[in-house]
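**Student:** Give the three-dimensional model of this entry:
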Amino acid sequence: MHSRLPRPVLLMDAGTGDSIRLPTKANVLARLPECAVAHFACHGSSDLTDPSNSSLLLYDHDSDPFTVAGLAEVRLDQAQLAYLSACRTAFTGRADLIDEAIHLTSACQLMGFPHVIGTMWAIGDTLAANVADAFYRALSDTGGALRTTRAAEALHRTILGLRDRFPQAPSLWAAYLHAGA
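**Tutor:** Residues are numbered from 1 along each chain as shown. Below is the predicted model:
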């Protein structure tokens, strides 16, 4: 999937001991200002008591969590699209906050991403990878360049394809949403 992204920087624990490549909060925040597209393929955690403490579970999530509250002051000039391939990135889980958009998806918009893909509930890893691949394929023009302004349409087409394949299983396709312009 990362082959579909322009000049991807892959942060992952590959067992190499290379701390610069670990997906830590500091490494992610250091690279975000250079990114037009940020794709997070990790686990997410929703804090039902305080949604501003919801987070993406990066390598150092126990010691330095990547939370909604911690992202509020980040500003990105080159940001175009954030894809949050993690569980419950657009979920608060509180009835008293039903009209509030306090979650990781909205935090990415506040950071400067005009288009954000998030999920409302848990998603399976294999399906998530297939949805992401289909999404980026739909987002690409004939030359392979990503047209991020078509993010909503690309997600719509991707999810319609899943819905057509699995019409009786909305839990597989209805979790995804696009937030943005």
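**Student:** Give the closest residue to residue 53 in space, chain neighbours not counted.
**Tutor:** residue 47 (3.9 Å; CB to CB, 6 or more residues apart in numbering). Any C-beta I mention is one placed from the backbone N, CA and C, and that applies to glycine too.
**Student:** burial measure for that neighbour, as a count.
**Tutor:** 19 (other CB atoms under 10 Å).
**Student:** host element of it?
**Tutor:** Under DSSP states H and E, no helix or strand contains residue 47.
**Student:** Next one: it from residue 63, what distance?
**Tutor:** 17 Å (CB to CB, to the nearest Å).
**Student:** Tell me who's in contact with the nearest residue to residue 5 once chain neighbours are set aside.
**Tutor:** Leaving out its chain neighbours, the residue that sits closest to residue 5 by CB to CB, 6+ apart is residue 37, at 5.9 Å. Contacts for residue 37 (CB atoms under 8 Å, 6 or more residues apart in numbering) come out as 5-6, 80-83, 146, 148.
**Student:** Quick one: which of these has the lowest pLDDT value?
**Tutor:** Among the contacts of residue 37, residue 6 has the lowest pLDDT, at 67.
**Student:** beta partners of the residue most central in space within the chain?
**Tutor:** The residue lying closest to the centre of the chain (CA atoms, centre = their mean) is residue 84, at 1.0 Å. For residue 84, the beta-bridge assignment (DSSP bridges) gives partners residue 40.
**Student:** State whether it and residue 105 are indeed in contact, as I suppose.
**Tutor:** Yes. Residue 84 is in contact with residue 105 according to CB atoms under 8 Å; the separation is 6.3 Å.
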